[in-house]
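Novice: Below is the structure, and that's it, no one-letter string:
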């Protein structure tokens, strides 16, 4: 496998891992808070986490993904 192919494979795995993590968190939140308004409140909380200054880049990415999934 070429170095470029390895990098492409790792990028794809990273995207899949992020998607799985966000889906698991969102599904837990939806199960815990079945009402739409409760989920919107949680989505806003995740947006605030993503906007925060004391968070890592990865935390921000996952928080945004969870917020989006809660609004679906």
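Specialist: Good, I have the coordinates. None of these values were measured; they are calculated from a predicted model.
Novice: which strands and helices sit next to the host helix or strand of residue 61?
Specialist: Assigned by DSSP states H and E, residue 61 belongs to helix 57-70. On a contact count with 3 or more Cβ pairs under 8 Å, 6 or more residues apart in numbering; DSSP states H and E, helix 57-70 meets helix 3-32, helix 36-51. (Glycine included, C-beta is placed from N, CA and C.)
Novice: Contacts for it, please.
Specialist: Residues from elsewhere that reach helix 57-70 (Cβ atoms under 8 Å, 6 or more residues apart in numbering): 18-19, 21-23, 25-26, 29-30, 39-40, 42-44, 46-47, 49-52, 55.
Novice: Can you select the buried ones from these in PyMOL?
Specialist: Restricted to buried positions by 16 or more other Cβ atoms under 10 Å, the PyMOL selection for the contacts of helix 57-70 reads:
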select buried, resi 22+25+26+29+30+39+42+43+46+47+49+50
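Novice: and the angle from the helix holding residue 61 to helix 3-32?
Specialist: 50 degrees (axes from the mean of the first three to the mean of the last three Cα atoms, to 10 degrees).
Novice: Taking helix 36-51 as reference, get the angle to helix 57-70.
Specialist: Using the same axes, to 10 degrees: helix 57-70 against helix 36-51 is 160 degrees.
Novice: buried ones in helix 57-70?
Specialist: For helix 57-70, by 16+ other Cβ under 10 Å, it's 62-67, 69-70.
Novice: How far off centre is that helix?
Specialist: Offset of helix 57-70 from its chain centre (Cα atoms, centre = their mean, to the nearest Å): 3 Å.
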